[in-house]
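Student: Sequence plus the predicted model coming up.
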Amino acid sequence: MFKISSFFLVAFILTLSIQAVPSEALIVPGPDLTLNEGGWADFGLLIRAEQNVNLVSVRYPNQGQADVIELRLDSDGSLLTSIPTPAGNTNIVVNINYPLTAGVSYRLVATTPSNRKYVPFSAWPVGNAEITVLSSFGGGSPQTLWWFSFNDITTSSSNTVSVSGNVTYTGAGTGPISIAAFDGSDCGQGNFTEVWIPGPGPYTLNLGPSTYYICACRDTNQNGSCPDSGEPASGYNLNPVIVPAGGGPVTGINISLQGQPLRTESVPTMTEWGMIIFIALAGLGSVYYLRRQRRA
Ligand SMILES: [Ca+2]
């Protein structure tokens, strides 16, 4: 019994390490971040892509709150992707999986005040053949005296193909949507590559050649993971999707998510509240009427 448990534990750890370290990755380690930030708005790094690369992941040491990591174009601040992170993991690796374009600069920031870490740093720029970390970014501008928020910035120029589609949603519930491509035999099986979008709409995944089950779920309780019990989840109707080596972009991988019905049983709707108030008022009215009758 003990041997079987150990076997599964080792298999589980192996699976985790296969997911965590993509092949052909380059890493900018950055310094250890030891000081607690307090009260800043966006807080992170300014990064320039030196090649067309995939921004795979970053390590985000933090103070333990839930957060949202945002990647924005530096030129106009437009939001490219946002990734929720759960509370209670103070050394989380955040999967980003966003394609960066050679020569373009990006802001990668954490958005929850008093949750980040930093350390004094001034030896800018820092980088490798794929990306350059130009400076930190905080308070709306580049910062050159400290290193903010992230380290182990991991990129990959491996031969990936973009796989895109649209996620639609009907029903109650809000929150960000995760789209994940699993290389096993169904949704939730095998290793996966994931991207988050803030709500229903278009998504893009960058995937190496393989066969994938592409699936989406909506984080309606907004705890940074899904699907939890009761959260809407669904796969692409024509799964699996084959991504051929050296092929062009794969498009039209659309997924429909169905949430809880808009009318819920537990909370009265406005019409029902109206009836409840009407009955209560009618009851009061008849008491008043009876009292007047007795006095008369
Ligand atoms: Ca959730």
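Tutor: In hand now; what should we look at?

Student: which SSE is Ser82 in?
Tutor: Assigned by DSSP states H and E, Ser82 belongs to strand 79-85.

Student: buried sites along that strand?
Tutor: Burial within strand 79-85, assessed by neighbour count using 16 or more other C-beta atoms under 10 Å, is assigned to Leu80, Thr81, Ile83, Pro84, Thr85. C-betas here are computed from N, CA, C, even on glycine.

Student: residues of stretch 146-161 that come out buried?
Tutor: For stretch 146-161, the neighbour count (16+ other C-beta under 10 Å) marks Trp146, Trp147, Phe148, Ser149, Phe150, Asn151, Ile153, Thr154, Thr155, Ser156, Thr160, Val161 as buried.

Student: May I have it as PDB, with CA atoms only?
Tutor: The C-alpha trace of stretch 146-161 is given here as PDB (Å, rounded to 0.1, in the frame of the first residue of the first chain):
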ATOM      1  CA  TRP A 146      14.300  48.900  -7.400                       C
ATOM      2  CA  TRP A 147      13.300  45.600  -8.900                       C
ATOM      3  CA  PHE A 148       9.500  45.000  -8.600                       C
ATOM      4  CA  SER A 149       7.200  42.000  -8.300                       C
ATOM      5  CA  PHE A 150       8.500  39.200 -10.600                       C
ATOM      6  CA  ASN A 151      11.500  37.000 -11.200                       C
ATOM      7  CA  ASP A 152      12.300  33.800 -13.200                       C
ATOM      8  CA  ILE A 153      10.900  35.500 -16.300                       C
ATOM      9  CA  THR A 154      10.600  32.600 -18.700                       C
ATOM     10  CA  THR A 155      10.300  32.900 -22.500                       C
ATOM     11  CA  SER A 156      10.300  30.300 -25.300                       C
ATOM     12  CA  SER A 157      11.000  30.800 -29.000                       C
ATOM     13  CA  SER A 158      10.100  27.100 -29.700                       C
ATOM     14  CA  ASN A 159       8.200  26.500 -32.800                       C
ATOM     15  CA  THR A 160       4.600  27.200 -31.700                       C
ATOM     16  CA  VAL A 161       1.400  27.700 -33.700                       C
END
